[in-house]
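Engineer: structure, please.
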Amino acid sequence: MKKYDVVGLGLATLDILALTPRLPNSNDCFPIAALEMQGGGPVATALVALARLGASCNYLGSLANDDTVQQIVSELHDNSIETNHCPQRDSGVSSASVILVEQSNGQRAILFQKSTTTDLQPEEVPIDLILSAKAIHLDGFFTPAALYAARIARQNGVLVSFDGGAGELMWDDLTQLLPLVDILVVAKKFAQQTTGELDPLEAGPALLKEYQNQQVVITDGEHGSWYWDADSYFHQPAFSVDVVDTTGAGDTFHGAYLYACLQPEWSPTYRLKFASAVAALKCTQLGGRKGIPSLAETLAFIELREQEQKQQ
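Structural biologist: The predicted structure follows:
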């Protein structure tokens, strides 16, 4: 079995994005500034970020047999992400979204179609594939399969990373999955709903105590992110950039942060700074993936910002 840095098990979708002067009213017809078609989904976009930074990746999820999935898979392959263990279904449609982004302020309206194909099942998770990875990355979709993969990973020393990004508790088995997670990175709303603590400074320690993760990160968009482990806590401000679209920013952050965690010489503070930089650069272009930078671009951006800070 080939070795991978990361195996991602979760959602892959197709996003159709329009950069519009305003959100439409009924029966409106007007020109838009840009139209993009890009892959989406929390795990799939995180894998694209990992791959662009230099990680070797494999995506695992069930696929519908339709035209949309051909575009989804093609983009993953274009980013050197393998899909050779994905079961393909004969019925159902793929997940897809139409995302309208206001040009003046980045506000969005999202219309989505859920996949109607059968979820990935635990027996369809190849044990050898999980064991081939340094880490697995999960987003809570295909929950029984995710639980199975997480248990196999934890029993065999493979890191488990979890994206709690949407702030919606989508499944009943959450409390079974979270204790299996080593790297827990969640949005502020997710942390609030899970712990009942409105203040991130209270929610982070509560998550760490309850689920005994190696590390917990809470993200909050332009307000930055917070980090906790057994010995330390700190806050990372968000980088200021000219924002075009925040679609996929959280997914990109998760991928970049996991990449950083796989670099043994990087400190927690640098890991969070790195992930924040990757997510910020993504936001400078339309769509969840077009703006994801390379490793060299990210390091140059961080160096430039550090130089600017020293000159102030």
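
Engineer: show me where the stretch 101-250 of the chain has its helices.
Structural biologist: For the stretch 101-250 of the chain, the helices defined by DSSP state H, counting those that start in this stretch occupy 127-131, 143-155, 174-177, 188-195, 200-211, 249-261.

Engineer: residues in contact with stretch 250-258?
Structural biologist: In this structure, residues lying in contact with stretch 250-258 by Cβ atoms under 8 Å, 6 or more residues apart in numbering are 6, 40-43, 45-50, 53, 135, 137, 161, 163, 165, 183, 185, 187, 217, 219, 225, 271-272, 274-279, 282, 288-289, 292, 298. Bear in mind the C-beta positions are built from the backbone N, C-alpha and C, glycine included.

Engineer: just the buried members of the residues you listed?
Structural biologist: 6, 40-43, 45-50, 53, 135, 137, 161, 163, 165, 183, 185, 187, 217, 219, 225, 271-272, 274-279, 282, 288-289, 292, 298 (16 or more other Cβ atoms under 10 Å).

Engineer: setting aside sequence neighbours, what's the nearest residue to Leu178?
Structural biologist: Tyr211 (4.4 Å; Cβ to Cβ, 6 or more residues apart in numbering).

Engineer: please, where are all the strands along the stretch 101-250 of the chain?
Structural biologist: Counting by DSSP state E, counting those that start in this stretch, the stretch 101-250 of the chain has strands at residues 108-113, 133-138, 159-164, 183-187, 215-219, 225-229, 233-236.

Engineer: now mean pLDDT and distance to Leu258 too, for those strands, in TSV please.
Structural biologist: Output for those, formatted as TSV (pLDDT from 0 to 100; distance: least, Cβ to Cβ, whole Å):
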stretch	mean pLDDT	distance to Leu258
strand 108-113	92	25
strand 133-138	98	6
strand 159-164	96	5
strand 183-187	96	7
strand 215-219	98	11
strand 225-229	97	14
strand 233-236	97	16
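
Engineer: which stretches of the stretch 201-312 of the chain have low pLDDT?
Structural biologist: Nowhere does the stretch 201-312 of the chain drop to pLDDT under 70.

Engineer: if we can go back for a sec, residues contacting the residue nearest to Leu178?
Structural biologist: Counting by Cβ under 8 Å, 6+ apart, Tyr211 has contacts Leu178, Pro179, Val181, Leu184.

Engineer: farthest-apart pair in those, please.
Structural biologist: Maximum pairwise distance in the contacts of Tyr211, criterion Cβ to Cβ, is 10.0 Å, between Pro179 and Leu184.

Engineer: who has more neighbours out of these two?
Structural biologist: Under the neighbour definition other Cβ atoms under 10 Å, Pro179 and Leu184 were set side by side, and Leu184 has more, 26 against 13.

Engineer: contacting residues for the closest residue to the more buried one other than its chain neighbours?
Structural biologist: The shortest distance from Leu184 to any non-neighbouring residue, by Cβ to Cβ, 6+ apart, is to Asn213 (4.4 Å). Contacts for Asn213 (Cβ under 8 Å, 6+ apart) come out as Leu178, Val181, Asp182, Ile183, Leu184, Leu207.

Engineer: just checking, the third one touches Val158?
Structural biologist: No - applying Cβ atoms under 8 Å as the test, Asp182 and Val158 come out as separate, 9.1 Å apart.

Engineer: hang on, the earlier thing: how far away is the residue nearest to Leu178 from Gly204?
Structural biologist: 12 Å (Cβ to Cβ, to the nearest Å).
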